[in-house]
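In: Build me a structure from this.
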Amino acid sequence: MDHSNNLNRTFTVQVELPRRKDSSISINKYNEFLELCSSSGSNIKGKYAGKQSTISSGLFITKGKAEKIRKEIILKDIGLVIFNHDLSPSQERNLENLFQARVLDRTGLILDIFASRASSHVGKLQVELAQLTHLSTRLVRGWSHLERQKGGIGLRGPGETQLETDRRLIGQRIRTIKKKLEKTHKQRQVNRYSRKKGEKKLISLVGYTNAGKTSLFNALTKNKLFTADMPFATLDSITRKSSNKDLSGLLFSDTVGFISDLPTNLIESFKSTLDELKQSDLLLHVIDVSDPDLKFKTKEVEKLLFNLGIGDIEIIEVFNKADLIENLPLGENSSNKVWVSAKTHLGLDKLAKKINFSFRKDFIKGWITLDKEDNGIREVLYSKGMVIEEGIDDLGLVQLNIEIQKDKFSELLGKKNIRITDKQEVLDRS
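Out: Numbers count the residues shown, from 1 in each chain. Model (predicted):
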């Protein structure tokens, strides 16, 4: 049967395997899988969900289950079978031969969604790199287009098989993409250096996919980025200035959503995007408070942040969609938790206070007295926006009321033994 025209007619497969001890379990994993399938444009015409004690090395599922699925595929004219599991290249190939339909595993499905959502040049390169890395081990179908792009003649080395030629072409393309991404990465490092030099703070929004990060980002920056109730509506990270007068001078970055069992090669391919997270001064972990699976998803995000080496950055947990619950839970005023609604702007004032407190707790505030030779320090303090008030004492010395980070105070004033006091002490001394 020719399945070339029915690839959107989809059959889904999820097998429940014995649970590992001490592992958090999603109570909604199958529904999340169906949402991913729908998000990719699949037209689900059949599904199998069952239990299995062990993984079959040849087909992943048992021969009996595979045969049962094969009959249903033929009956319903299915062209695509999607597994909510990672399959080995041989398992994928064996299943395709048996089903006479295309087989996609969980990683392939996520990569397909990412490919359809990438809009920026860098985003497209990152997705292509992840796809090529994943598919380089699965050269069992349809790679002749790579040869056609290069003209065909003169491509094949002496004694090379078609498979070897395809692998070489993919390897060349992977190296080309990595060079382009490395160039972008270096440019972003320059941009980050400029931002740090300008004393601008970066706050990144992170969280499980579809938690409402982009809606909150739009509310904080008055942007109109695309939002939708579906996984990975946002793929390309974007940074904008705050539009809130209480958060002036701060930068917010919207990032791609996390998901459980995020493919390793996807994490590696998105290095330049994830490096942006590592440069953040603060993370807002956006959590959908209306999601029955929020405990599992919160743990998954925390695990990924730790694995990415950014578990030491301060985090404020932002429980979004609070307008959908009747009573806010106890602990609403906890130092690192806040309940908000990006849709109705409920709680955004409290979020602003927590963000400001997070940055201000590393600040010291008070009065200093400068000698005439310290005019350079005065100029620096003004240029950094650290001066609140200025006065002159009876001796004609400049007195400044400043708010300054502790490390900057040591760097600028510590060497000159300038001490900071409250106003009364300064006036008494003058």
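In: what's the distance between Thr176 and Thr54?
Out: 42 Å (CB to CB, to the nearest Å). Quick note: C-beta positions are derived from backbone N, CA and C, even for glycine.
In: Of these two, which one has the most company?
Out: Comparing Thr176 with Thr54 by neighbour count (other CB atoms under 10 Å), the higher total belongs to Thr176, at 12 against 8.
In: If we go by neighbour counts, what in the strand or helix carrying that one is buried?
Out: Element membership for Thr176 (DSSP states H and E) is helix 162-197. Using 16 or more other CB atoms under 10 Å as the test for burial, helix 162-197 gives Thr165, Asp166, Arg167, Leu169, Ile170, Arg173, Ile174, Ile177, Leu181, Arg188.
In: repeat for stretch 43-61
Out: Ile44, Lys45, Gly46, Lys47, Tyr48, Ile55, Leu59, Phe60, Ile61.
In: Quick one: classify the second one as helix, strand or coil.
Out: Reducing the assignment to helix, strand or coil with DSSP: H, G, I helix; E, B strand; the rest coil, the entry for Lys45 is strand.
In: Now do the contacts for it.
Out: Arg9, Thr10, Phe11, Lys76, Ile78 (CB atoms under 8 Å, 6 or more residues apart in numbering).
In: all strands for the stretch 51-200 of the chain, in order.
Out: 80-83, 102-104 (DSSP state E, counting those that start in this stretch).
In: In its sheet, which strands sit next to the one helix or strand Glu390 maps to, and in what direction?
Out: Assigned by DSSP H and E, Glu390 falls within strand 387-392. Looking at strand 387-392 with DSSP bridges, its partner strands are strand 398-405 (antiparallel).
In: hey, C-alpha coordinates of the partner strand in PDB?
Out: What follows is strand 398-405, C-alpha atoms only, in PDB (Å, rounded to 0.1, in the frame of the first residue of the first chain):
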ATOM      1  CA  VAL A 398      30.700  66.800  48.600                       C
ATOM      2  CA  GLN A 399      28.200  64.500  50.400                       C
ATOM      3  CA  LEU A 400      26.300  61.900  48.400                       C
ATOM      4  CA  ASN A 401      23.400  59.800  49.400                       C
ATOM      5  CA  ILE A 402      24.000  56.600  47.300                       C
ATOM      6  CA  GLU A 403      22.500  53.200  46.700                       C
ATOM      7  CA  ILE A 404      25.200  50.800  45.400                       C
ATOM      8  CA  GLN A 405      25.900  47.100  45.100                       C
END
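In: Tell me the first helix or strand C-terminal of that strand.
Out: Next element after strand 398-405 (DSSP H and E): helix 406-412.
In: hmm, back to that, could you dump the strands of the stretch 51-200 of the chain to CSV with distance to Asp288?
Out: Shown next, in CSV, are these (distance: least, CB to CB, whole Å):
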stretch, distance to Asp288
strand 80-83, 24
strand 102-104, 27
